[in-house]
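A.B. asks: I'll drop the sequence and a predicted model, then ask my questions.
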Amino acid sequence: MIDKIAHNIAQALEGIADGATVLIGGFGDSAGLPVELIDGLIEQGARNLTVVSNNAGTGDTGLAALLKAGRVRKMICSFPRQANSYVFDGLYRSGKVELELVPQGNLAERIRAAGAGIGAFFCPTGYGTVLAQTNGVPRETREIGGRQYVLEYPIHGDVALVKAERGDRWGNLTYRKAGRNFGPVMAMGTQKTIASVHEVVELGALDPEAIVTPGIFVHRIVKVNRAAA
């Protein structure tokens, strides 16, 4: 019998190794951010991580807490500095964390490409800027239809941490509004997907037309309580 439900967060996160590339869903301060899984990852102890996310955290919770704990070697993100991103800012300025800055659309497409088996693709975003370089070396460019494009490569993850709304024991997931954000593409672009959900339902309770992430992309789900308003 297929049952992907973990009894607790610690069990859900078993096996994440030092040096892993971890894709973490979320947008802004809290939309779709799997805070409970991030806190569990801190407790789990994996180090030297490459974290791929939309931003680099705010305040001292969530992604910022993971950074503050010294577990992150490199951030790949679109918005590393926000009004309250002092943890990342301090670590970056002191040379304690690396940064690969990726435009938001490129970030989503590079992750999607990993899941779709696309070896590389050309994108116009960033052409003629430092974002079209890798370690200071310009990447391949090509003119297509009179417009200049930059070669982009997929971002493959070892594990993805995503926040969903509901899930069943097969791992099928639905999301709540903007909380979906990067979750579906991250679940596709990684070797293992771990999802937190607020509700575990019986098989058949999810409308097949409403399932955003099919269970084939999900390895473990764990129920977490909804934060108090």
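C.D. replies: Looks like it came in fine.
A.B. asks: which residues touch the longest helix along the chain?
C.D. replies: Secondary structure of the chain per DSSP state H: the longest helix is helix 104-116. Here helix 104-116 makes contact (C-beta atoms under 8 Å, 6 or more residues apart in numbering) with 23, 52, 54, 76-79, 102, 120-121, 123, 125-126, 152-157, 182, 185-190, 217. (Each C-beta comes from the backbone N, C-alpha and C, glycine too.)
A.B. asks: who does the helix-or-strand element of the chain with minimal mean pLDDT pair with, and is each partner parallel or antiparallel?
C.D. replies: When each helix and strand of the chain is scored by mean pLDDT, DSSP states H and E, strand 133-134 comes last, with a mean of 88. Partners of strand 133-134 in the sheet, by DSSP bridges, are strand 137-138 (antiparallel).
A.B. asks: mind giving me the packing neighbours of the very next helix or strand once past the partner strand?
C.D. replies: Next in sequence after strand 137-138, counting helices and strands by DSSP states H and E, comes strand 141-144. Helices and strands touching strand 141-144, by 3 or more C-beta pairs under 8 Å, 6 or more residues apart in numbering; DSSP states H and E, are strand 147-152.
A.B. asks: and the strand it packs on, what other elements does it pack with?
C.D. replies: If contacts are counted by 3+ C-beta pairs under 8 Å, 6+ apart, strand 147-152 sits against helix 104-116, strand 121-123, strand 141-144.
A.B. asks: one more time with 7 Å
C.D. replies: Applying 3 or more C-beta pairs under 7 Å, 6 or more residues apart in numbering; DSSP states H and E, one finds that strand 147-152 contacts strand 121-123, strand 141-144.
A.B. asks: that strand pairs with which strands?
C.D. replies: Strand 147-152 has the following sheet partners, assigned by DSSP bridges: strand 121-123 (antiparallel), strand 141-144 (antiparallel).
A.B. asks: residue 213 is nearest to which of the ones you listed?
C.D. replies: strand 121-123 (22.4 Å; C-beta to C-beta).
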